[in-house]
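Chemist: structure for this input, please:
(one chain, ligands or ions: 1)
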Amino acid sequence: MESALDYFAAEALLTWQVELGATEAILDTPVDRYETPKQAPKATVATPASVAEPAAAKPVEVDAVAEAKKAAQGVSDLDGLQDALAAFELCELKRGARNLVFADGNPAARVMIIGDAPGRDEDREGKPFVGAAGTLLDRMFGAIDMGRDVPLSKDAIYITNVLPWRPPQNRDPKPAEIAMLRPFVERHVEIVAPDVIVLMGNVAGEAVLGKRGITRMRGTWQEAFGKPVLPMLHPAYLLRQPRAKREAWADLLSLKAKLEDTA
Ligand code: URA
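Modeler: Coordinates of the predicted model:
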């Protein structure tokens, strides 16, 4: 007999559920949690005080930012940093993500790009900026003769995000999530030691400069982690507002000039 659900329909249904935020399959049949139990619960036997279980310990409050600092400072290279992030259990975003999205490009690059957070395509591939916004980002940097697959550090870019895990339904990350992942971003910058940092989008602006308002800040050179920092409009924004590409082009020229000045 032919199955009621063919392979492709089943896969589409599953993808749809994942998009809705389902992260695990629990049971084949639904459970009615309002149903009265068939058997009365067994009476519990009083335990003499002398052998009673000790009172449950009070839950200990964990300082996620302090833990993140400790984990990030304990590593000395990119592999160590990636492992430390993979082992960091205090960020809820990790549970809903398929992959850790760490970085891409040339770690010897003069320019380090920090984006906001992985989207669906990045979550699937485990690489930053591989979807439509990533294609535009590659074209933007290609226009000034730079790229992520370029071996020469002067023309290369290195790309990461503030959040290494995709937020469910691409929701905005919470301030607490940004704060607990910032120590990893800071250590990432220390290890890569770029000459210049480009911040793509509001989450990157908030994490690195402590302020939002990318449309106001873009194109204005600032400083963070002891490096020149250029906030830019996010490629995803440029896809929605193609007229803003003029500003992005001005910022790319400003970046090129900065690199030539500091060569
Ligand atoms: N947007 C980002 O900020 N980062 C990505 O990796 C993809 C889209």
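Chemist: can you give me the mean pLDDT across the host helix or strand of residue 246?
Modeler: Element membership for residue 246, per DSSP states H and E: helix 245-261. Mean per-residue pLDDT for helix 245-261: 98.
Chemist: send me that helix as CSV with only the CA atoms.
Modeler: Extracted C-alpha coordinates of helix 245-261, given in CSV (Å, rounded to 0.1, in the frame of the first residue of the first chain):
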residue,chain,number,x,y,z
LYS,A,245,23.2,51.5,-1.3
ARG,A,246,24.6,55.0,-2.2
GLU,A,247,25.5,55.4,1.5
ALA,A,248,26.9,52.0,1.7
TRP,A,249,29.1,52.7,-1.3
ALA,A,250,30.4,55.9,0.4
ASP,A,251,31.2,53.9,3.5
LEU,A,252,33.1,51.3,1.5
LEU,A,253,35.2,54.1,-0.1
SER,A,254,35.9,55.5,3.4
LEU,A,255,37.0,52.0,4.5
LYS,A,256,39.3,51.7,1.5
ALA,A,257,40.8,55.1,2.2
LYS,A,258,41.4,54.2,5.9
LEU,A,259,43.2,51.0,4.8
GLU,A,260,45.4,53.0,2.4
ASP,A,261,46.2,55.6,5.1
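Chemist: who's in contact with the residue nearest the centre of the chain?
Modeler: Nearest to the mean C-alpha position of the chain, by C-alpha atoms, centre = their mean, lies residue 163 at 2.2 Å. Contacts for residue 163 (C-beta atoms under 8 Å, 6 or more residues apart in numbering) come out as 93, 116-118, 173, 177-178, 181, 203. C-beta: built from backbone N, CA, C; applies to glycine.
Chemist: so residue 71, which state does it fall into?
Modeler: helix (DSSP: H, G, I helix; E, B strand; the rest coil).
Chemist: okay, and the beta partners of the residue of the chain found nearest the ligand?
Modeler: Nearest residue of the chain to the ligand: residue 115, at 3.0 Å (C-beta to the nearest ligand atom). For residue 115, the beta-bridge partners are residue 161 (DSSP bridges).
Chemist: closest to residue 236 out of the contacts of residue 163?
Modeler: residue 116 (8.5 Å; C-beta to C-beta).
Chemist: apart from its chain neighbours, what residue comes closest to the closest one?
Modeler: Once flanking residues are discounted, residue 116 sits nearest to residue 203: 3.8 Å by C-beta to C-beta, 6 or more residues apart in numbering.
Chemist: quick check: which element contains the one you found?
Modeler: Using DSSP H and E, residue 203 falls in helix 202-209.
Chemist: rewinding a little: from residue 107, how far off is the residue nearest to the centre of the chain?
Modeler: 20 Å (C-beta to C-beta, to the nearest Å).
Chemist: please name every helix or strand in contact with the helix holding residue 246.
Modeler: helix 132-142, strand 196-200, strand 227-232 (3 or more C-beta pairs under 8 Å, 6 or more residues apart in numbering; DSSP states H and E).
Chemist: quick one: contacts of the shortest one?
Modeler: The contact list for strand 196-200 (C-beta under 8 Å, 6+ apart) reads 110-116, 137, 189, 205, 208-209, 214, 224-225, 227-235, 255, 258-259, 262.
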